[in-house]
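Asks: Provided below are the primary sequence and the corresponding predicted coordinates.
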Amino acid sequence: MGGKRRRHFTMLRDFAPADFITLANGFTGTGSVLAVMQYLVGAEERFLWIAFALLPLSLLFDFLDGRVARWRGGSALGPQLDSLADLISFGLAPAALAFAVGMRGGWDAAVLIYFVACGLSRLARFNATADELADESGKVRYFEGTPIPTSLVLVAGLAVLLWKDLVHADLPLGSVELGPWRLHPLVLIYLLSGTAMISKNLRIPKI
């Protein structure tokens with residue numbers, strides 16, 4: 001039979017060096033989520049600190065993969081890998097940490113789901129409009145809405161609360177009953193962050 005023989009198990013061979021750094025971003029983000037789950041199972045605070053500590057590593061890998069891609073060249077999979085890794089590390093993991101420190105009411109869950117959905121939408125919009133926003137050199141000039149890694153500002157704030165033992169029942173601003181569900185007003189920072197990510201009126205220069 002003629003034609004080109006199909007190669008099997010070639011995906012990793014097709015990866016560029018930058019793609020492996022992007023995978024490291026996804027690995028650390030997933031590790032953070034799993035550490036949160038272990039904390040929720042056993043209430044061992046060290047796992048929560050591990051969850052916090054892994055996310056700055058995700059940010060480092062997210063910074064490096066773009067630099068390596070420009071230096072060594074990227075692959076066709078690169079942008080998609082980057083978006084999926086970012087969703088885990090800067091969308092799902094920060095939401096899981098908020099839940100872990102005590103934002104567990106029904107309204108809290110709705111806000112955290114909204115936050116992750118905004119991150120997902122933000123990444124999809126960037127991929128769809130990157131060519132349109134690029135300059136003559138092919139570099140994207142600005143972000144529409146805040147980049148999803150800005151969620152680490154929220155993570156840093158939660159880490160400070162954990163350090164000061166202001167978590168669970170001692171969360172700042174307390175909690176209120178609204179209809180059938182409980183709301184911790186502190187979770188509204190996630191609402192604001194998610195809304196800023198999908199805003200087309202915010203233009204952030206890309207460094």
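Replies: Nice, thanks for sending it over.

Asks: test my guess that His198 contacts Cys118.
Replies: For the record, residue 198 is Ile, not His. Yes: contact criterion C-beta atoms under 8 Å: Ile198 and Cys118 qualify, at 4.9 Å. In this view, the C-beta of every residue, glycine as well, is placed from N, C-alpha and C.

Asks: settle it for me: which of those two has more neighbours?
Replies: For Ile198 versus Cys118, neighbours defined as other C-beta atoms under 10 Å are more numerous around Cys118 (24 against 17).

Asks: so what secondary structure elements neighbour whichever strand or helix holds that one?
Replies: Using DSSP states H and E, the element containing Cys118 is helix 106-133. Applying 3 or more C-beta pairs under 8 Å, 6 or more residues apart in numbering; DSSP states H and E, one finds that helix 106-133 contacts helix 78-87, helix 93-100, strand 142-144, strand 181-183, helix 188-198.

Asks: if you set the cut-off to 7 Å instead, what comes out?
Replies: The contact analysis (3 or more C-beta pairs under 7 Å, 6 or more residues apart in numbering; DSSP states H and E) places helix 106-133 against helix 78-87, helix 93-100, strand 181-183, helix 188-198.

Asks: quick check: which of the ones you listed is buried the most?
Replies: Mean neighbours per residue, mean count of other C-beta atoms under 10 Å, is largest over the helices and strands packed on helix 106-133 for helix 93-100, with a mean of 24.
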